[in-house]
Structure formats: structure tokens, C-alpha cells
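**Student:** here is a sequence together with a model predicted from it:
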Amino acid sequence: MEILRVSTAQDAADALADAAQHGRPLRLRAGGTKSSWGNPVEDVWGVLDLSGLNGVIEHNEGDLTAIVRAGTRLVEAQEVFARAGQMLALDPYPGEGAAATIGGIVATGDSGPLRHRFAAARDLVLGIRFATTDGKVARSGSKVIKNVAGYDLGKLFTGSFGTLGAITEVILRLHPLPRARVTALGRDSDVGRIEAGARALLAKPLELEALDVAWRDGVGEVLARIAGAESEERTRRTVAALEEAGLDTVVAEGDDEAALWERQRASQRSDDGIVVRVSARPAEIGRVLAAARSARAAAVGRVAFGLVWLALPAMDTADAVAAIDHVRARLRPYACVVLDAPESVRAKVDVWHSEHAGAPALMRRVKERFDPRRVCNPGIFVGGI
Amino acid sequence: MGGKDLRALAERFAQICGPHRVLTDRDRLATYRSDGLLHFQVMPGVAVLPETTAEVAAVVAACHDAGVPWVARGSGTGLSGGAVPVEDGVLIVLSRMRRILDVDTANLRVVVEPGVTNVQVSQAIGPGYYYPPDPSSQIVCSIGGNVAENSGGAHCFKYGFTTNYVMGLELVLPDGEVVTVGGKECDLPGYDLVGAFVGSEGTLGIATKIVLRLIPAPEHRETLVAYFNDMEHAGHAVSDVVASGILPGAIEMMDNLAIRATEEATHAGYPLDAGAALIIEVDGPVSECKATFDEVVEICKRNGCTGVRVAEDEHQRQLIWKARKAAFAAMGRISPNYYVQDSVIPRTGLAEVLNRIEQLSREHRLRVANVFHAGDGNLHPLVLYDHSVEGEAERAEKLAGEIVLACVHAGGSITGEHGVGLDKKAYMADMFAEEDLDCFQKLRCSFDPEQLVNPGKVMPTPRLCGEVPGPYRQHPLERAGVAERF
């Protein structure tokens, strides 16, 4: 397998053009923390390694924006931003060795608990620069936070799994780091009470920074994070809402508080088990947790978006395929996308749950326009795109 | 397109929608010659007013079969000429698709048809919930138009734009096919075609159902207006507020000329000698608002503000906002005509860009008033001129164009919320390189290879859609620079 290491955007474009000309499909990779997501890539000739596209190009502190090369690790970029009291409000689990890169996170549309307040990668990406399969480097968007000139290709590329070209730079909106954070944590072993607590907070105008649920070993949790100038009064109201729902509630601060959220983030991944991301609705969060309980899975969820990550324990391939089918049947009509899973399992299930992809023919036409020779991660995406 | 073919198409529309919803006589079509930007006017060949997705699909399919270009239109309040018809083409008017289909507050979602107005969404969801995008035309502008233009408003610095709230769309594609992309759920498998469609200015198809995300309504607001000797000091105050970690619901700025014009129109009590006025509104939980608001006042004082007026009640708040909301219309008090610009700059470049605007204003001997969504850097310079003075309109247009370029050179954008449409398409090449435009065209061609949908908008020069897939070879016409393909 050839490894093509590139250190400039134009190098990446040249490599893609060369691949297109010779019909040599490439696997696009940077940190390599999510290589096990998606379908196995077809007939790969080589790897286009983008991790050399590294570094924060601009950090415009006064404008709360930054331009970052795609191969920059998330944790490194956050260190730069934190020195100015700022953050990128995008906090997926950064993977083994914290190797996850900005480009990889954007390309997979990965997200973490801060999504509750600051929305997803698609919403924080102001623009992208990318290498095309015709050997060019193109840009969409700009470094101002409000811009409607041209099509929003940043959103098209976010979550496209490297199937349209190679993202080489990302222009990001940043936010101030909060002065303090406090988390109210409600616990109970009854799924109904967990749902009631979560939904009560969802409807309240408390401007929480994050609102998650979790299910582990027969115990459920609601985690509500308060950040901002004032936290005492809002914490009191948050705790009251959780207690009213019947949850045993405590307040965490400092390192204990941070650890709660680290755990939430880490629970979205699994080394040897299977992670299924369920796209449900806020009012059905209890039903998803009940499915987790019945499948002996751990679960973490973003209440406002109805998203839940179910982590099934390691098991043999036939059992894993059956477990995935069981979860999907039980959670019908919701899309259940398989993220982490051993290759043997991914070869036997439609990881994308493609029946939930709207407009598959249109998606194929988009792919054909951007990558007509099918050299960017061919086959990895929905419906074998 | 011959008149006979268009008559045949109009007859087909009459079969689909009934004859009373097909307009062919010129008097009635005249209503639809322009959108909110009145200086682009084109008479459509026929207008049709479908009421259901099936009717829209049948109308679009008929256009596709006949190879006739068409333009979709909502309320026609757009300010970039995006809904201007194509001569002898079809205009598809969506203002009769105005059902609110599903108010699902338990899931924080609402589903509407494209002709529903922005304010009707707020009315439908009730006071406990909030749909933040609030373009100033919100009483009449339609959600379909908001989706096409990715509309903003005064509150988008904190809350985001239309694109951050659209979760799903039912689309009629340019060949008449009906598809659903996204939905009430997030992260559905596949490309984010919802994200690609929002803000596409009516060039990719028609959204016939729109799923929007809601949030709980903020429980409290605090509003102030602070006066400064000049825009630079006001700009520093904005930067300090943002740097302190406070995210105000709205931050709006006006310069002296804008203050004088609006004061004449509204008598809101702004001092006529103020060099700049800054309206800041913080919203959210009561305790958080109170904590941050005191800090905002302190920051204004630290930056040399000459006076602060805090709204003690809703009436006083409305009075403060009245001046800002009347700013465009008030220009009529001090000038017979004006030209609105919609550029964006990185907020830290404000002083530099304002100096440049002042210099341009002197060079062209025309006054420019500045109204500014200060949080997100969206500048609305208003170029004042008198159409009856020979050459002034041309000078005004030239001045406005140079202001756009100054903003682009400062690292900004040619449009923050009004869209490119016809009005700004000449400037696209100043903001984007050829390879960028090529990629925009790839997206457009994947939706609309025949390019029948809203042709002549957005892109600076006409482009073709080539065949795919296949090895790329340069066509002799391309080498000569006559045409481009993708």
C-alpha cells in the first residue's frame, strides 16, 4: 500500500489529480482515529495522509475566528485558543492519543456535549479550503461569521467522509471559554424518571451549556452543565427541576465536573465493542434508553437533538449482527448508524442504515460531479458512494 | 421560446392547478416583475400559483419537459433581485402554500409550507418557544424565501441564521422529482443536502416542506442604548463586550448621519450630536441577564461613552428599537434616494473600513450613513443620492461598489444576508477565485444539469454543465476563454 504524505494543499490536489488520472483509489486519512467508521473502502491503491497539513494559520482573537490546517489535532488547536480565553465549541472524544484532527472531525461530522449550546461542526465551520480531484484547491465561505455569498460547500463537505475531495483548511467560529462551569447530575434506575428530568430541563429557558443523558449498568443519569457569568441561581433551578422529576441529584464542580463530561465523550467510542448512533427525537429519549437497557448496552445522548450513542459490548460476529438488527427493529423508524465495529461485523451489516438516506440518487450525482473517477474513499459512504 | 410554446405550457398549468391560478395577462403579471430591489424588472411569460407539493412537482416537470426556465418566488421581499423573473420564462409563486403542518413543541420542531411568513411561525409556536431568525421584513417575508436566502436578522450573532435552524426539507428537484432530505432527526446518513440547499438562492429547486428547530424562549431581556463621540470608540466597546465572554442577543450600531435621520423620523430621543449610538440587548435567564448587563454598562463607560439610556420597561425598549428599525426608511427624510449595501467585515477591521468609506464618500461627493449589525460585522452602508441630479445615481452605484470591494479587501464578504442574486453577482469574482466558482457550479450541475432554475443569478458569468463521468479534456472554446464547463 502506497502512503502519500503531503504537506501543502496543492500537494494534496496534485495527488488527487494523479490518482484520478491513473484510476488509483485513495484512502484519505489524518489522525486515523476513525478509520474503522463507514464501509470498508474498495480496491484502495494508497493512503493520502493529510496529517502533515498541520498548524493554526490564523487565530483572530478579536474576531473569534481561526483558520486551521485540516491535519491539526483538535487538542493542539484548543491549546492555542485557550491561551486567549477562547475555545472551539466542538468536543468529540479525541480518540486514542488525542490524535483526532480538525479535518477528520469535520469530515465525519463528529460531535460532543457542547453541541447542545453551540450546535454541530456544520454550524461552526465558516468556510473550508479543499483539494479537488481535478488538481485544484478551492474555497467556500469566508472568515467572517455572517456570509451568504456562494454555495455553502462547507456544509456539503462536513460529514461527507472524504468522498468529495480532501479538506485542507477549515475556517472556524470560536467562542469565549466560560469563567466557570457547574454540573447538576441526577440519577435513577428508572428510564421514565430519567426522561422526565431531561425533558423538563429541555423546556426551561436556562441556557444550559450541555444537556446529556447516560445509561450505564442499570443506572441512568441526566447531566446539565451551567456556564456563564452567573451560575448559583441557575444551578438551584436546575437541581430543583431534576429533583421534581424524582432524581437523586448532586452538584459537581472543578475536576470532578470535568471528569463527568470526559466520560460522556469517551462513551461515544469503543475499542473492541460496537457503537451505534441513533438519530431519534427529544421526546423519545426514554424509548432509546430502554432499548439500551434491553440490549445490555451503555448509552450517552444529547437530549435536544435526540441523538444517542449506544455502546454494545464485544461479542462474536453473528451475535453482533443480530444485536444490531435487534436495536434497529426496536427503534424503528429511526436511523441507527454503526460507527465503531470490528471489520468482520461491518462487512455483514449496512453500517449506514441507508434506507434512511433521503435522495440517494441525488447524492450519487453530487459524488459524480466532485469525484467522477471515484478515487476519494470510494465505497465508504452511504449506499456505497 | 415562442409564444405558442408558452401558451401550451400555460394550458398545461391550467390543467394542473386550475385556470384561475395561472396568470398570463400582462397587467396581472406586472405585479411580479421585481422583488424588493426595484431597479431590476423583468416581465415573466406566465405565472402559476400551485397549492400543493404535487402541483409544484407537476408544474416543474412540465417546465423541464418543455425546456423552459423558471424562477420560484415567495413574498418577493428579497433585496438582491434573486426572485426577478426570466423573460418569457415561468414564475412559480409559492405564497399560496401557507399551511402550518405540525407544531411539535415536545420535540422542539415545527413543520411548515414555504409560503408561511416568518412571523406566523412565531405566532404558531406560542410565547414559550422561540424561532430566532428575524429578518426585518419578518411580517411579510416567507420561510421559503428565508430558506433560499439563508436569512439573518438582528439576533443572529447570538442565535445563528436560518441555516442553523432548518433540519429537514421536502424538495421538488429541477426535473420534478420529489425528495425528502433531513427530517426532525439529526445526523441522518448521507450528505448534508439540507445545508447545501439553504442559502442556494432558488437555484437548486423548490422547498415545499420545511422542518425547523425551536428553542425555549429567553425569559428575560435588558436593553440599553449608549452614545459615543465616534464609531471607533463604539467599536471598541463592542469588541470588549465580546471579548469578556458575554454573548448579547443583539448589538447594533448607527453613525451620526443615521442617528439624525432616524431621530427626525421617530423622535426616539437620541442626541443629535452623538457620533455613534450602540444598542445592546442581552437576553436569557433572569439571573444571567442581570449579571451580564451591569458589566455591559461598565464596558461602555470604560470606552468613553457620553451617555447611557437603559430601558426600564417594554415601552422604553420599543422606543430604543424604533430608531434602529426605522433606519432604512428614515433615509427618505434626508435624501431623495439611497442605495443599501450589505457587506461584512471582520469586526476588528471596523475603524479601518469606516475610514475608507469616509474617504470614498468624499471622493464621490456623496453622503454615506452607516448602520451596522456590530456583533457579526455586517455593515449596511446607505449611499445617499438624488436621482434627479444627472450622474448621481451612477456615482452612487460606483461608490457602493467600491465599498463592497473595500470590505472584501478587509477579509470580508460581499453579502451578509441579502444574497448575491442579480445585484452582487458581478462582485463574486472579487471574492472567489475561478476554482471556487467551478466547485459551486459542480453542486449546481448535480441538481440542475439543464440549468433551467433561476438562471443568470449568483454566478458572475454563464457556465455550462459538462457530461460526467469521463476524463477531463479542455474544449477549444474553453482554451479560448469563451465558455467553461465542469
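**Tutor:** Yes, it's here.
**Student:** can you list the domains in chain B?
**Tutor:** B:3-93, B:100-216, B:219-334, B:335-419, B:427-479 (automatic domain parsing).
**Student:** possible to save these as TSV with mean neighbour count?
**Tutor:** For every residue, glycine as well, the C-beta is placed using N, CA and C. As requested, the domains of chain B are exported to TSV (neighbours: other CB atoms under 10 Å in any protein chain shown):
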stretch	mean neighbour count
domain B:3-93	19
domain B:100-216	22
domain B:219-334	20
domain B:335-419	21
domain B:427-479	18
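**Student:** and the residue of chain A nearest chain B?
**Tutor:** Among all residues of chain A, A:K155 sits closest to chain B, at 2.7 Å; criterion: CB to the nearest CB.
**Student:** spatially nearest residue to that residue (excluding sequence neighbours)?
**Tutor:** B:G195 (2.7 Å; CB to CB, 6 or more residues apart in numbering or on different chains).
**Student:** measure the residue nearest to B:L79 when sequence neighbours are not counted to B:L37 for me?
**Tutor:** Closest residue to B:L79 apart from its sequence neighbours, by CB to CB, 6+ apart: B:H418 at 4.2 Å. Applying CB to CB, to the nearest Å, the value for B:H418 to B:L37 is 8 Å.
**Student:** returning to what we had before: with just CA atoms, put the one helix or strand the residue of chain A closest to chain B maps to into PDB.
**Tutor:** Using DSSP states H and E, A:K155 sits in helix A:153-157. Taking Å, rounded to 0.1, in the frame of the first residue of the first chain, the C-alpha atoms of helix A:153-157 are listed here in PDB:
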ATOM      1  CA  LEU A 153     -19.900  23.800   0.400                       C
ATOM      2  CA  GLY A 154     -18.600  23.700   4.000                       C
ATOM      3  CA  LYS A 155     -21.800  22.000   5.000                       C
ATOM      4  CA  LEU A 156     -21.700  19.700   2.000                       C
ATOM      5  CA  PHE A 157     -18.200  18.500   2.900                       C
END
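**Student:** follow-up on the earlier one: would TSV of the domains of chain B with distance to A:S160 and mean pLDDT be doable?
**Tutor:** Below are the domains of chain B laid out as TSV (distance: least, CB to CB, whole Å; pLDDT from 0 to 100):
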stretch	distance to A:S160	mean pLDDT
domain B:3-93	27	95
domain B:100-216	6	97
domain B:219-334	30	94
domain B:335-419	24	94
domain B:427-479	12	82
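**Student:** A:R296 is nearest to which of these?
**Tutor:** domain B:100-216 (24.1 Å; CB to CB).
**Student:** how about the closest residue to B:S137 other than its chain neighbours, phi and psi?
**Tutor:** Counting by CB to CB, 6+ apart, B:T77 is the residue found nearest to B:S137 once chain neighbours are left out, at 4.2 Å. The phi and psi torsions at B:T77 (degrees, to the nearest 10) take the values phi -100, psi 0.
**Student:** contact partners for B:T77?
**Tutor:** B:35-36, B:137, B:140-141, B:145 (CB atoms under 8 Å, 6 or more residues apart in numbering or on different chains).
**Student:** could you dump these into CSV and include distance to B:Q451 and secondary structure?
**Tutor:** Below are the contacts of B:T77 laid out as CSV (distance: CB to CB, whole Å; DSSP: H, G, I helix; E, B strand; the rest coil):
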residue, distance to B:Q451, secondary structure
B:D35, 21, coil
B:G36, 25, coil
B:S137, 29, coil
B:V140, 30, coil
B:C141, 27, coil
B:G145, 21, helix
